[in-house]
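J.: pasting the sequence and the predicted coordinates here, then a few questions.
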Amino acid sequence: MPPELAKDVVDRGVILTGGVALMRGFAERLSRAINTPVIVAEEPLNSVALGVGKILENIGTVRKGLMSVERGSR
């Protein structure tokens, strides 16, 4: 994991999506286990599909951003 991504995870936490996010007490238990904030997505069952939809709506911008990241890693 790149150091800047690891720092973001430690500082900001992780977001749970999908059915596992709905398991009672799981977010709190995971947060204690990894000593990092764990947030449940606003609409956990729909969040991944909604996110992919936003990416597709903005594919040109996303593509440019990915291309600049790829060039920066060389």
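T.: Cool, the structure landed.

J.: so what's L22 up against?
T.: Residues in contact with L22 (CB atoms under 8 Å, 6 or more residues apart in numbering) are 40, 44-45. C-beta coordinates here come from the backbone N, C-alpha and C atoms, glycine included.

J.: roughly how far apart are it and I39?
T.: Distance of L22 to I39, given as CB to CB, to the nearest Å: 14 Å.

J.: need the contacts of L22 in JSON lines (columns: neighbour count).
T.: Listed next are the contacts of L22 as JSON lines, based on neighbours: other CB atoms under 10 Å:
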{"residue": "V40", "neighbour count": "17"}
{"residue": "P44", "neighbour count": "16"}
{"residue": "L45", "neighbour count": "12"}
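
J.: how about these in JSON lines, adding pLDDT and secondary structure?
T.: Shown next, in JSON lines, are those (pLDDT from 0 to 100; DSSP: H, G, I helix; E, B strand; the rest coil):
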{"residue": "V40", "pLDDT": "96", "secondary structure": "strand"}
{"residue": "P44", "pLDDT": "96", "secondary structure": "coil"}
{"residue": "L45", "pLDDT": "95", "secondary structure": "coil"}
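
J.: of these, closest to V10?
T.: V40 (18.7 Å; CB to CB).

J.: pop out the phi and psi values for the closest residue to that closest one other than its chain neighbours.
T.: Distance criterion CB to CB, 6 or more residues apart in numbering; nearest residue to V40, sequence neighbours excluded, is A21 at 4.7 Å. The phi/psi pair for A21 (degrees, to the nearest 10) reads phi -70, psi -20.

J.: show me what contacts A21?
T.: For A21, counting by CB under 8 Å, 6+ apart, the contacting residues are 27, 40-41, 44.

J.: possible to save those as CSV with distance to I59?
T.: Listed next are those as CSV, based on distance: CB to CB, whole Å:
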residue, distance to I59
A27, 32
V40, 28
A41, 22
P44, 25
